[in-house]
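Trainee: Starting from these lines, generate the structure:
(2 chains)
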Amino acid sequence: MDANLKIELGKQGIVATSIQELYNWGRKNSIWPMQFGLACCAIEMIATTMARYDLARFGAEVFRPSPRQADLMIISGTVTKKMAPQVVRLYNQMAEPKYVIAMGACAISGGPFKQGYNVLKGIDRYIPVDVHIPGCPPRPEALIQAFMTLQKKIDGQPLTGEGRPRHLDSGAQGEFLVPVQGEHDLEPTSNKGVWPVPITIR
Amino acid sequence: MKTVEEIKAAIEAAIPGAGVEIQANPSVSGQHSLRLKPDRAVEVARFLRDDAELKLDFLSNVTGVDWPDKEISEKVKVTRIVTRTVDGVEQQAEETVEETRKRTEPGFLEAVYHLYSVEKKHGPVVIRMRTENRSDRVELPSLMPLWKSAEFQEREVFDLYGIVFKGHPDLRRLLMWDEFKDHPMRRDYVEPDDYEYEPTAHDEILKRAEAYKDREQGPTTA
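Mentor: Below is the predicted model:
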């Protein structure tokens, strides 16, 4: 439908929409994040939900303490190798459609602890991440920006065909291998198909 | 507070044959420490805690130190008899040669305790214990029966350095998972090879990246 015609109809009090638009509008304005924090980024996440930044404006004020009721996982902080299997397990327990925001330097790459023997070099080695936000920690505005980016992404997802959300795709895989804590490191060090080993610029 | 020398004298007066040694700190702070014999350590530590003048009732910090095997090369002058042929006649002469000899000094693990007194408002008194080596004889007595705060800190030292504290009621790993085999704070710890992309690859990293060439996949979306 022509966008201008839609606006004209709107002026006359007639709302014209499609199932896809209505469906995605509903989805993007009721993202319920999971209530869990890993490190200092969690403090900024809490600040984002409070009155000054008020994440409730985006329909995401209900932090669910159970993964079964949550749509969004905010990886807020350093993921240690001891914690990583639990994070992946929680992600697996979430119902589709589910999204992930990797918040802060640690969650996206290991951050200042990257060289450490006990820190995972980014949660995107094990689960697919939709939005990465840099910062140490990112300001609440940055988290809100990530939210808006995610809303745009949800809004742009078609309901059929290529690029549809996983819950509408019966062939899509929504569970990922939980790494095992081995004798020297996590096994495997990354999940196949999730984290491609990047090409080094030579 | 008493100086380290005075504390040593007090210990030796109270516990004969305690074998306490002073380990000097050559830096400006001059914070010398007392090295205890592991088999008498609990006795000495109890004295430090209960002595009316010291009353070191607070254990603030336990840490580990790894001293790896040290290779020492020394130059030694050696005199030996050499047979030389001078003008067709064999002669024996003494000759002094400088030789480099190498020996390895075995390493050990060390536990360091920092004690304070809340009651007397003084401290710290630093005490140390050494293991016999750093492979199989790594046992030290636990000081947890004397200071409860040693519990988690000794577990941490056990986790990261591999010192086994005898008499500790619950000696499990604290930071790493139970299946983990290494001791990450030891000097010879080799970290796992979880390859990571570097945006400004150079020298060593380029060599490392070469090993992973066949695994490289690039970004999933073009």
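Trainee: where do the helices sit along chain B?
Mentor: B:4-14, B:41-50, B:150-161, B:203-211 (DSSP state H).
Trainee: For those, which has the smallest mean pLDDT value?
Mentor: If you rank the helices of chain B by mean pLDDT, helix B:203-211 sits at the bottom with a mean of 76.
Trainee: Go through it and flag the buried ones.
Mentor: B:Ala209 (16 or more other C-beta atoms under 10 Å in any protein chain shown). No exception for glycine: its C-beta is placed from N, CA and C like everyone else's.
Trainee: any low-confidence regions in chain A?
Mentor: Scanning chain A for pLDDT under 70 picks out A:200-202.
Trainee: What parts of it come near chain B?
Mentor: A:81-82, A:114, A:117-118, A:121, A:181-185, A:189-190, A:196-202 (C-beta under 8 Å from any C-beta of the partner chain).
Trainee: Now list the buried members of these.
Mentor: A:81-82, A:117-118, A:121, A:181-182, A:185, A:189-190, A:197-198, A:200.
Trainee: tell me which of those residues is nearest to B:Ser33?
Mentor: A:Tyr117 (28.2 Å; C-beta to C-beta).
Trainee: wouldn't A:Val178 be in contact with A:Tyr91 here?
Mentor: No: with contacts counted by C-beta atoms under 8 Å, A:Val178 stays clear of A:Tyr91, the gap being 9.3 Å.
Trainee: Neighbour count for those two, which is higher?
Mentor: Remark: of A:Val178 and A:Tyr91, A:Tyr91 carries more neighbours, 23 against 16, as counted by other C-beta atoms under 10 Å in any protein chain shown.
Trainee: And the strands in chain A?
Mentor: Applying DSSP state E to chain A gives strands spanning A:72-76, A:99-103, A:131-133, A:180-181, A:186-187.
Trainee: So which residues of chain B form strands?
Mentor: Counting by DSSP E, one finds strands in chain B at the ranges B:21-23, B:33-36, B:58-67, B:70-86, B:89-105, B:108-117, B:122-130, B:139-141, B:164-166.
Trainee: Check whether the third one comes near chain A.
Mentor: It refers to strand B:58-67. No: using C-beta under 8 Å from any C-beta, we find that strand B:58-67 stays clear of chain A, coming within 14.3 Å at best.
Trainee: now swap in stretch B:154-163 and tell me
Mentor: No: Stretch B:154-163 lies out of reach of chain A by C-beta under 8 Å from any C-beta, never closer than 9.4 Å.
Trainee: From the rest of the structure, what touches that stretch?
Mentor: Stretch B:154-163 is contacted from outside by B:62-66, B:109, B:111, B:131, B:134, B:138-140, B:142-144, B:164-165, B:168, B:170-176, B:183-186, using C-beta atoms under 8 Å, 6 or more residues apart in numbering or on different chains.
Trainee: I'm done for today, thanks for sticking with me.
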